[in-house]
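Participant: Please work out how this folds:
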Amino acid sequence: MLAAVLLVVAATVSVGAVAVATRVLPLGGLTGAAAAEQSAGPTLTAVVSASPGPASTLTPTPSAAATPRPTAFPTVSPGMIPASDPPGCPSSPPVTDLALTDRVRAAQLQKALEKVRAALHVPGVSVAIVWDNGAAWAGASGLADVAAKRPVTTGTGFALASISKTFTASVILQLVGEGKLGLDQPVAPLLPAFNLDPRITVHMLLDHTSGLPDFILTKGANLALADSNAVWDAARSWSFVPKFHRVPGTSFDYSNTNYLLLGEVIRSVTGHAPSVEIRARLLKPLGLTHAWFQVDEKPRAPMPASYILQWYGGPPVAKLIAPAGDVVPFISVVTSTGAAGSMAATALDTALWMNALGSGRVVPPEMVAAMQADEAHTAAVGANLTYGLGISTVKVAGHVAMGHSGRYLGARNVVRYLPDLHLAIAVLTNQSEIDPALIAASMVRAVTASGADMPKLTSEVCELTGAWRN
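Facilitator: Purely as a prediction, here's the structure:
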């Protein structure tokens, strides 16, 4: 039976050692596939007639030319307040590979990754850490394909599953900032084909208080998803949502149905598929050339095989669930979740993404604060986890961290932004049993063991001429 997109749950693991092939690549020389041009059009079928929102000069228009991977982070994206910088200075310092600027520290992080992966018996893992000043480290350990002995590299892409919700929430909040949507706006008029309860608002979909059950957890959906190559659309997914639901706004129920519908809200308001808006508003401005919306877009990095771990009285054995392919883990599961779970990326682009979101470069800092502050609202209606507007706040190795986790059958990931350490960390794996939060905590401890300061860059001081010097 195929599994749903889930949040992080506790895992009991065995500790041992196992030797596998590893490889670490320079950040500037990823082995992922060259950035592909966006496919001619979205594969998923629109469920409702799109009705574009009012014209606005803030609406992004995708460039016709391919965008190369930038040497510096852009800090302004659609719908955000521009930063104020000294005259002549770029907004951010260059992205700097820790392996080139501090080889000792980079080697320590790689050693820590090798140790924790072996102890947890994870088949393959890719980790990236991005600091606010632009310094970055990426490492990989284990196998992308166990039978073929193909190693995971820093250029391997992974299905992000529910981490996709952070992208969808960000587009929605940008539309709110542009005045095209309201958080308290009823959703039913935007999506007439779904016959929604008129009390359900955009806010309720964002923080899972709509009362709508999760379609993917139903027996009928799981049976239908067994046809792994079937392409679903939102209408088919909606057909599996149970008719009964709680009174909107009175309870918290984590549900992929909410973000499936938010994707259709994006389509209704902008006239574009969610994949188009995510690329134009988020991926392209931030230079995330190794992140993509599966099925709607061509792969932008090689993908791993997908595994579950099984225990037979000793260390777990990795059992193949799905071979590596253009869509991971299954076309049916990915297309059924739509905007709730279709994103894929390398660990580096995932960490770059969360660093940009957490540091206020995707939506304004006050909006980021509101995303977190909403956790008090969900707690008041009985949430069993800390969840706000598309993000959750937890502690990682004792440090407060915002972000999201994601899980498919054969894929389990986490990405967090730790404001006190000024860094984001992404941990992506090709298995679904071991909680990657354990790896994230171990890596954060490895970071702080060598000091909590951000790594120094080769160019640190911004002169009025716009040049960076040591």
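
Participant: Just give me the longest helix of the chain.
Facilitator: helix 103-120 (DSSP state H).

Participant: For the following helix or strand past that helix, which helices and strands make contact with it?
Facilitator: Using DSSP states H and E, the helix or strand that follows helix 103-120 in sequence is strand 124-131. Counting contacts by 3 or more C-beta pairs under 8 Å, 6 or more residues apart in numbering; DSSP states H and E, strand 124-131 packs against helix 103-120, strand 135-145, helix 347-358, strand 423-429, helix 437-449. In this view, the C-beta of every residue, glycine as well, is placed from N, C-alpha and C.

Participant: For Lys319, find the nearest of these.
Facilitator: strand 135-145 (13.5 Å; C-beta to C-beta).

Participant: residues contacting Ser392?
Facilitator: 7, 375, 385-386, 402-405 (C-beta atoms under 8 Å, 6 or more residues apart in numbering).

Participant: quick one: which of the helices and strands packed on strand 124-131 is nearest Asp214?
Facilitator: So among the helices and strands packed on strand 124-131, helix 437-449 is nearest, using C-beta to C-beta, at 21.5 Å.

Participant: what comes up buried for the closest one?
Facilitator: 437-444, 446-447 (16 or more other C-beta atoms under 10 Å).

Participant: now those residues in JSON lines, with distance to Tyr259 and pLDDT?
Facilitator: Shown next, in JSON lines, are the buried residues of helix 437-449 (distance: C-beta to C-beta, whole Å; pLDDT from 0 to 100):
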{"residue": "Ala437", "distance to Tyr259": "21", "pLDDT": "98"}
{"residue": "Leu438", "distance to Tyr259": "26", "pLDDT": "98"}
{"residue": "Ile439", "distance to Tyr259": "25", "pLDDT": "98"}
{"residue": "Ala440", "distance to Tyr259": "23", "pLDDT": "98"}
{"residue": "Ala441", "distance to Tyr259": "27", "pLDDT": "98"}
{"residue": "Ser442", "distance to Tyr259": "30", "pLDDT": "98"}
{"residue": "Met443", "distance to Tyr259": "28", "pLDDT": "98"}
{"residue": "Val444", "distance to Tyr259": "28", "pLDDT": "98"}
{"residue": "Ala446", "distance to Tyr259": "33", "pLDDT": "96"}
{"residue": "Val447", "distance to Tyr259": "31", "pLDDT": "96"}
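
Participant: Please identify which of those residues is nearest to Thr154.
Facilitator: Once C-beta to C-beta is applied, the member of the buried residues of helix 437-449 that ends up nearest Thr154 is Met443, at 14.0 Å.

Participant: In this structure that closest one contacts Glu114, no?
Facilitator: No. Using C-beta atoms under 8 Å as the test, Met443 is too far from Glu114 to be in contact (11.3 Å).

Participant: who touches both of those two?
Facilitator: Between them, Met443 and Glu114 share no contacting residue, judged by C-beta under 8 Å, 6+ apart.

Participant: For the spatially most central residue of the chain, give its distance to Trp232.
Facilitator: Nearest to the mean C-alpha position of the chain, by C-alpha atoms, centre = their mean, lies Ile163 at 3.3 Å. Using C-beta to C-beta, to the nearest Å, Ile163 is found at 20 Å from Trp232.

Participant: Show the residue spans covered by the helices in the stretch 151-300 of the chain.
Facilitator: 164-177, 202-206, 219-225, 234-238, 256-270, 274-278 (DSSP state H, counting those that start in this stretch).

Participant: thinking again about what came up before, among the contacts of Ser392, show me the least confident.
Facilitator: pLDDT across the contacts of Ser392 is lowest for Leu7, at 32.

Participant: Quick one: residues contacting the residue nearest to Ser450 when sequence neighbours are not counted.
Facilitator: Once flanking residues are discounted, Ser450 sits nearest to Arg105: 5.4 Å by C-beta to C-beta, 6 or more residues apart in numbering. Contact analysis of Arg105 by C-beta under 8 Å, 6+ apart lists 98, 137, 450, 455.

Participant: cool, and Asp420?
Facilitator: Applying C-beta under 8 Å, 6+ apart, the residues near Asp420 are 399-400, 452.

Participant: so how many other residues sit close to Asp97?
Facilitator: 19 (other C-beta atoms under 10 Å).

Participant: Same question for the one 3 residues further on.
Facilitator: By other C-beta under 10 Å, the residues close to Leu100 number 12.

Participant: Now do it, the pLDDT please.
Facilitator: 83.

Participant: So it: helix, strand or coil?
Facilitator: Look at Leu100: counting by DSSP: H, G, I helix; E, B strand; the rest coil, its state is helix.

Participant: Give me the neighbour count for the closest residue to Leu352 other than its chain neighbours.
Facilitator: Nearest non-adjacent residue to Leu352, counting by C-beta to C-beta, 6+ apart: Val130, 5.4 Å away. Val130 is flanked by 31 other residues according to other C-beta under 10 Å.

Participant: Distance of Val130 relative to Pro364?
Facilitator: Val130 is 20 Å from Pro364, by C-beta to C-beta.
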